[in-house]
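*Asks:* below is the sequence, then the predicted model.
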Amino acid sequence: GESVGLHLPTLSVQEGDNSIINCAYSNSASDYFIWYKQESGKGPQFIIDIRSNMDKRQGQRVTVLLNKTVKHLSLQIAATQPGDSAVYFCAEKGGANNLFFGTGTRLTVIP
Amino acid sequence: DVKVTQSSRYLVKRTGEKVFLECVQDMDHENMFWYRQDPGLGLRLIYFSYDVKMKEKGDIPEGYSVSREKKERFSLILESASTNQTSMYLCASSLAGGIQYFGPGTRLTVT
């Protein structure tokens, strides 16, 4: 299967600071990527996606950057809030319908 | 809003029991998926289905089977539960090639 890795398993940030969560992928042919957020006791929630014909996409307080040259994906969260504390997964599309998930980064927001 | 529901949030079963996990989605999605989630291993795909009565093996199908008799419902079956199947089970659904939306998960403990 595809290899989707996260650079750090945990990340702690001060409330109000920006957070950056990184992800590496291995298949240079991958054309679609998704970031999910999983809060404790809940299923993963879609945050934002990006196709390989883009290098940046912005949502509300979140930005995803895609660097195809080094096969790297990052999620930036602006003005991080306590409600952002969760595990964040990147996922890479493999095949027509499948996604391959990274192992996740746990973001802790310090008040 | 997409809604994916799972029949139980918590289940405790004995070794050797037959276990049914049910998933229902209300968005007329073609695709449905079953994952298991274990610490340090991320989400691993067990089976998926792209149409009624159709199924495809994922990365870890051994010890599991699935059933999709109706478009909105996808069942995961553990024919004879074992302790190594203790895990969080997540169901997801999507349109063809689209974003996967997850249910809240079922935490299964096999004793």
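*Replies:* Yep, it's here.
*Asks:* assign B:Ser67 to helix, strand or coil.
*Replies:* Secondary structure state of B:Ser67, per DSSP: H, G, I helix; E, B strand; the rest coil, is strand.
*Asks:* report the buried residues of stretch B:101-111.
*Replies:* In terms of neighbour count (16 or more other Cβ atoms under 10 Å in any protein chain shown), stretch B:101-111 has its buried residues at B:Tyr101, B:Phe102, B:Gly103, B:Gly105, B:Thr106, B:Arg107, B:Leu108, B:Val110. For every residue, glycine as well, the C-beta is placed using N, CA and C.
*Asks:* with stretch B:26-46 instead?
*Replies:* Buried-residue list, stretch B:26-46, by 16+ other Cβ under 10 Å: B:29-37, B:42-46.
*Asks:* and the gap between the residue nearest the centre of chain B and chain A?
*Replies:* Central residue of chain B (Cα atoms, centre = their mean): B:Trp34, 3.0 Å from the mean position. As for B:Trp34, its distance to chain A is 12 Å (criterion: Cβ to the nearest Cβ, to the nearest Å).
*Asks:* quick one: which two of the buried residues of stretch B:26-46 are the most distant?
*Replies:* B:Glu30 and B:Gly42 (24.6 Å; Cβ to Cβ).
*Asks:* tell me the confidence at B:Ala96?
*Replies:* B:Ala96 carries a pLDDT value of 82.
*Asks:* quick one: the strands in chain A?
*Replies:* A:4-6, A:10-14, A:19-25, A:32-38, A:45-51, A:56-58, A:62-67, A:72-77, A:86-94, A:98-101, A:105-110 (DSSP state E).
*Asks:* the residue nearest to B:Gly58 when sequence neighbours are not counted bridge partners, please.
*Replies:* Nearest residue to B:Gly58, sequence neighbours excluded (Cβ to Cβ, 6 or more residues apart in numbering or on different chains): B:Leu45, at 3.1 Å. Taking DSSP bridges as the rule, B:Leu45 bridges to B:Tyr35.
*Asks:* now for A:Val109: which residues touch it?
*Replies:* A:Ser12, A:Val13, A:Gln14, A:Glu15, A:Thr80, A:Gln81, A:Pro82, A:Asp84, A:Ser85 (Cβ atoms under 8 Å, 6 or more residues apart in numbering or on different chains).
*Asks:* can you pull the residues of chain B lying near chain A?
*Replies:* B:4, B:31, B:40-43, B:45, B:48, B:50, B:58-59, B:90, B:92, B:94, B:96-97, B:99-105 (Cβ under 8 Å from any Cβ of the partner chain).
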